[in-house]
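# coords please:
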Amino acid sequence: MIEAIKAWAARYAADGRYSPVGQIFHWTMAALILFQLGWGWRMSRIDAGGDKLEAFRVHAELGLLMLVLAALRAIWRMIVPGPVNDADRLGWQTVAAYVTHILFYVCFFGLPLSGWAMWSVVGGEPLEVAGILPWPHMPFDSLDKGFQWWILDWAEGIHALLIILLVAMIPLHVGAALKHHFWDRHDVLRGMLPELPEDGAETTPHDGTPPPARRARAGG
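Numbering: from 1, shown residues only. Predicted coordinates for the structure are as follows:
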């Protein structure tokens, strides 16, 4: 089955594109992150009470969804690597892109894990992933109270630091993608967008002739 998945994804990689699964992961995560950042800012402006606690619960459960999606996305990338495109050339920009992706994954995992730790320490109600899948607390109940508060302090600090890192990287990531597309005329942004018919291209939906084969460069 894995070989069949790789063969399916290779058809998109041969054209320098990420597979539809890879694109869905990317844009779903992007939308979720932007929502979480906005929701987190909104939480800070709510007075203490039931509404604030409910806002924290929603934020935590969406964070767990981000954790699950990040894990699935990482597994997908290990099975189906991204395509080779014009930006994959030796140089500082390629190194910077790889470092940025690693830091994004640090945020994808670190933010929900630290949030989960904070919720577990304060003893909130059991969480559910996206309000559907039950999710247990971290096993902190048997720990000394002083150690629990130490965990809470560290989790809060890590969470805040990763938020700053994420907010700093988003404009860099978007700016780099736009630079590659409009300035360098590379195909990076195109590879992460759904495939659309080119202007003037004729479509033959009922023509049984398969398209010409392209040379596969990597999985996608």
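# Longest helix in this structure, by number of residues?
helix 145-178 (DSSP state H).
# tell me which element the residue minimising distance to the centre of the chain is part of?
Geometric centre of the chain, nearest residue: residue 29, 3.9 Å, by Cα atoms, centre = their mean. Using DSSP states H and E, residue 29 sits in helix 20-43.
# now the helix or strand that comes right after that helix and helix 20-43, what's the angle there?
For helix 20-43, the following helix or strand on the C-terminal side (DSSP H and E) is helix 50-79. Interaxial angle of helix 50-79 relative to helix 20-43 (axes from the mean of the first three to the mean of the last three Cα atoms, to 10 degrees): 160 degrees.
# Just want to check the distance between the nearest residue to residue 129 once chain neighbours are set aside and residue 144.
Once flanking residues are discounted, residue 129 sits nearest to residue 64: 4.6 Å by Cβ to Cβ, 6 or more residues apart in numbering. (Each C-beta comes from the backbone N, C-alpha and C, glycine too.) For residue 64, the distance to residue 144 (Cβ to Cβ, to the nearest Å) stands at 26 Å.
# what does residue 49 give?
For residue 49, the distance to residue 144 - Cβ to Cβ - is 30 Å.
# ok so, going back, out of residue 64 and residue 144, which sits in the busier spot?
residue 64 (20 against 9; other Cβ atoms under 10 Å).
# Might you report the residue contacts of the more buried one?
By Cβ atoms under 8 Å, 6 or more residues apart in numbering, the residues touching residue 64 are 112, 116, 127, 128, 129, 130, 135.
# How confident is the prediction for the closest residue to residue 69 other than its chain neighbours, by pLDDT?
Here the nearest residue to residue 69 in space, its sequence neighbours aside, is residue 29; by Cβ to Cβ, 6+ apart that works out to 5.9 Å. We have a pLDDT of 94 for residue 29.
# next one: residue 191
68.
# can you check residue 130 too?
What the model reports as pLDDT for residue 130 is 80.
# so what does the host helix or strand of residue 100 touch, helix or strand wise?
Element membership for residue 100 (DSSP H and E) is helix 92-122. Judged by 3 or more Cβ pairs under 8 Å, 6 or more residues apart in numbering; DSSP states H and E, helix 92-122 is in contact with helix 50-79, helix 145-178.
# Tell me the helices and strands packed up against the helix or strand following it.
Following helix 92-122 in sequence order, the next helix or strand is strand 127-129 (DSSP H and E). Contact here means 3+ Cβ pairs under 8 Å, 6+ apart; on that basis strand 127-129 packs against helix 50-79, strand 133-135.
# quick one, the longest one and helix 145-178 angle?
With the same axes, to 10 degrees as the criterion, the two stretches helix 50-79 and helix 145-178 enclose an angle of 60 degrees.
# Check which residues of helix 50-79 are buried.
55-57, 59-67, 69-70, 73, 76-77 (16 or more other Cβ atoms under 10 Å).
# Would you agree residue 110 is in contact with residue 158?
Yes: the pair residue 110 / residue 158 is scored as a contact, 6.3 Å apart, by Cβ atoms under 8 Å.
# Tell me which of the two has more neighbours.
Higher neighbour count among residue 110 and residue 158: residue 110, with 21 against 17, using other Cβ under 10 Å.
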